[in-house]
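Participant: Here is a sequence together with a model predicted from it:
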Amino acid sequence: MSQILPSIFGANILKLKEELEFLEDEKTEILHVDMMDGNYVSHIAFGALQISEMKKASTMIFDVHMMVANPKDHLDDIIATGTEMISVHYETTPHIHNMLQRIKKAGRSAGVVLNPGTPISVLECLLDDLDYVLLMSINPGTPGQSFIENTIKKIEDLKIMIGERPIKIEVDGGVNNKNIAKLSQAGADMIVVGGYIFSSTPKQNYDELKQILATEV
């Protein structure tokens with residue numbers, strides 16, 4: 001069954017501690033954390049110090065999505081936070097293989113992120129060095145966009161490309177109760193959900209999404 005990864009960027013920043021406790025109470029296994037530098041994307045969110053403090057207050061696995069212009073300059077700081085999963089945008093570095101090697105050498109799971117306009121063919125020479133691929137289903141860094149429908153086909157094609165390799169597929173952006181089943185059916189292993197969970201009724205929304213995925217089994 002596909003796994004829901006709540007994105008803490010969608011939470012109420014004024015109630016961050018309560019939101020983390022809510023996710024712990026819901027037995028959330030993996031927390032998705034967006035790192036934004038105000039350069040590669042327009043927003044600024046969750047630097048290494050904030051991630052480190054959240055990690056100390058949580059038992060969840062952390063999945064840090066680095067939306068930064070120069071990931072090589074921040075990677076050591078993110079590794080030092082203790083986060084278990086780290087993904088880097090293919091589009092942000094000419095040395096993506098080296099980034100993956102550094103992440104895996106630190107004993108962490110290594111992921112590559114692809115923007116909606118980046119073809120999966122760029123992964124062909126990286127497949128033996130990856131633990132997961134994060135497909136963006138909106139353009140990164142700007143919440144509130146609509147889900148890009150051709151992400152479904154991209155997941156299906158990536159599933160074929162991966163074959164028997166133990167590489168997971170993660171999807172992020174615009175996920176709600178209308179499209180989460182389609183993502184699961186297409187082959188997404190991990191589905192990031194932000195704003196849809198952390199609206200006016202977080203528990204109701206989270207339960208609804210979990211129930212939808214449970215019926216897909």
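Facilitator: Structure received. Bear in mind the structure is a predicted one, so any value in this text is a computation, not a measurement.
Participant: okay, CA-based contacts and neighbour counts for the rest of this
Facilitator: Will do.
Participant: can you give me the strands for this protein?
Facilitator: Remark: strands assigned in the chain by DSSP state E are 3-6, 30-37, 44-45, 61-67, 85-89, 109-114, 132-136, 168-172, 190-193.
Participant: need the least confident one among those, by mean pLDDT.
Facilitator: Confidence, taken as mean pLDDT, is least for strand 44-45 of those (a mean of 91).
Participant: So in this structure, where's the weakest helix or strand by average pLDDT?
Facilitator: Using mean pLDDT, DSSP states H and E, strand 44-45 stands out as the lowest-scoring helix or strand of the chain, at a mean of 91.
Participant: who wins for proximity to N205 among the strands of the chain?
Facilitator: strand 190-193 (10.4 Å; CA to CA).
Participant: which helices and strands does that closest one pack with?
Facilitator: strand 3-6, strand 168-172 (3 or more CA pairs under 8 Å, 6 or more residues apart in numbering; DSSP states H and E).
Participant: which residues in the protein form helices?
Facilitator: Along the chain, counting by DSSP state H, helices occupy 16-25, 48-56, 75-80, 96-105, 151-162, 180-186, 202-214.
Participant: hey, which of those helices is tucked in deepest?
Facilitator: With neighbours taken as mean count of other CA atoms under 10 Å, these reach their highest mean count in helix 180-186, at a mean of 20.
Participant: Mean neighbour count and distance to Y196 added to the helices and strands packed on strand 190-193, as TSV?
Facilitator: Converted to TSV, those look like this (neighbours: other CA atoms under 10 Å; distance: least, CA to CA, whole Å):
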stretch	mean neighbour count	distance to Y196
strand 3-6	22	9
strand 168-172	23	12
